[in-house]
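Visitor: Kindly generate the corresponding structure for this input.
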Amino acid sequence: MKQIVIISGKGGTGKTSLTASFAFLAGKDAVVADCDVDAADMHLVTELVTLEKKNFFSGYEAVIDPGMCAGCGDCVKVCHFDAILPEGDVYKVLPVECEGCGYCARICPVGAIEMKKLKAGEIYVARTRMNSLLVHARLGIGSDMSGKLVAEVRKEAKIQAEKIKTKYILIDGSPGIGCPVTASVTGTDYVVLVTEPTLSGIHDLKRVIEIVRNFDVPAGCVINKADIHPEMAMQLRDFVNHQGLDLLAEIPYDQNFSKAINEGKSIVEKKDLPVSGLINGAWKKVLENIS
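Guide: Prediction:
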């Protein structure tokens, strides 16, 4: 089983649209993992039937039992996050402000503070109309556990892939260079980098390549909207070749991408379009590179 991750240095490059197309082409041979947990949207084009739902717990938050609280205020003095406020003669914790360090619980003289596991999100396993499984997640409001949630989504995707013996795990990674990206790339077999011919596109591609190099994972690049700035596209092409990356495809700007998304479909389902053939060719190159 091979793990293929699709990432980009910035949002809006077409990363998820490309992943959805790959998922359609792979069909039942792939389990898809939507690891863009801060803005998961793969479900918009895959038409899901949820099979399983699991709560994701990570970290702790303090909870004060008002019936036990002595109102001494010792917890307020040691809280560096201003997460504890008076409520009448006792105190309460503001969950959004609490960082879960546990200092208040350790110094409470009457043991009125309990550190409870924090529900940081939910993980779903669903059947798609593409005859494949999709593992995706919903990050809790205000949660900063996106990197850990990505790791859990990938773990669940691997469990499902081993259970049904698929050939591939397709991972829609997070944009940027933060912890979710690192969690998306580590341990994979091939990385597909999606970029566009803009100054920010080139700049962000350079940054994300550094992450890929750190994990020593082979990679290829797709230049999306390649015709919006031909000179910049040429710079990108030269840069990709200089870095020793596979140039998987140069895809021109096409409004049918947006139309397909609005219809809840991937662009390759419109088989008569030139871009569909280019993406199909890119997928074949990916398979050749991991065989």
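Visitor: Please count neighbours and contacts with C-alpha atoms only from this point.
Guide: OK.
Visitor: where in this structure is pLDDT low?
Guide: Residues of the chain that meet the criterion pLDDT under 70 lie in 141-145.
Visitor: how is it carved up into domains?
Guide: Here the domain parsing of the chain from automatic domain parsing is 2-47+128-290, 59-119.
Visitor: Make CSV out of the ones you listed and add distance to Lys53 and mean neighbour count.
Guide: Listed next are the domains of the chain as CSV, based on distance: least, Cα to Cα, whole Å; neighbours: other Cα atoms under 10 Å:
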stretch, distance to Lys53, mean neighbour count
domain 2-47+128-290, 9, 20
domain 59-119, 13, 16
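Visitor: CA atoms only for stretch 8-18, dumped as CSV, please.
Guide: Extracted as CSV, the C-alpha positions of stretch 8-18 are listed here (Å, rounded to 0.1, in the frame of the first residue of the first chain):
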residue,chain,number,x,y,z
SER,A,8,0.6,23.2,-1.6
GLY,A,9,2.5,26.1,-0.1
LYS,A,10,-0.6,28.3,0.0
GLY,A,11,-4.3,27.9,-0.2
GLY,A,12,-6.3,28.4,-3.4
THR,A,13,-3.9,26.6,-5.8
GLY,A,14,-6.4,23.8,-6.7
LYS,A,15,-4.9,21.2,-4.3
THR,A,16,-8.2,19.7,-3.2
SER,A,17,-9.7,19.8,-6.7
LEU,A,18,-6.7,17.8,-7.9
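Visitor: And the helices in the protein?
Guide: For the chain, the helices defined by DSSP state H cover 15-26, 74-78, 103-107, 146-164, 179-185, 199-215, 230-242, 256-262, 274-290.
Visitor: how about JSON lines for those, with distance to Leu44 added?
Guide: Listed next are the helices of the chain as JSON lines, based on distance: least, Cα to Cα, whole Å:
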{"stretch": "helix 15-26", "distance to Leu44": "10"}
{"stretch": "helix 74-78", "distance to Leu44": "45"}
{"stretch": "helix 103-107", "distance to Leu44": "43"}
{"stretch": "helix 146-164", "distance to Leu44": "18"}
{"stretch": "helix 179-185", "distance to Leu44": "21"}
{"stretch": "helix 199-215", "distance to Leu44": "25"}
{"stretch": "helix 230-242", "distance to Leu44": "30"}
{"stretch": "helix 256-262", "distance to Leu44": "8"}
{"stretch": "helix 274-290", "distance to Leu44": "19"}
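Visitor: which residues touch stretch 175-182?
Guide: 7-11, 35-36, 146-148, 150, 173-174, 204, 207-208, 211 (Cα atoms under 8 Å, 6 or more residues apart in numbering).
Visitor: That one: end-to-end distance?
Guide: 10 Å (Cα to Cα, to the nearest Å).
Visitor: Contact partners for the closest residue to Gly71 other than its chain neighbours?
Guide: Spatial nearest neighbour of Gly71, excluding adjacent residues (Cα to Cα, 6 or more residues apart in numbering): Val90 at 4.5 Å. Residues in contact with Val90 (Cα under 8 Å, 6+ apart) are Pro66, Cys69, Ala70, Gly71.
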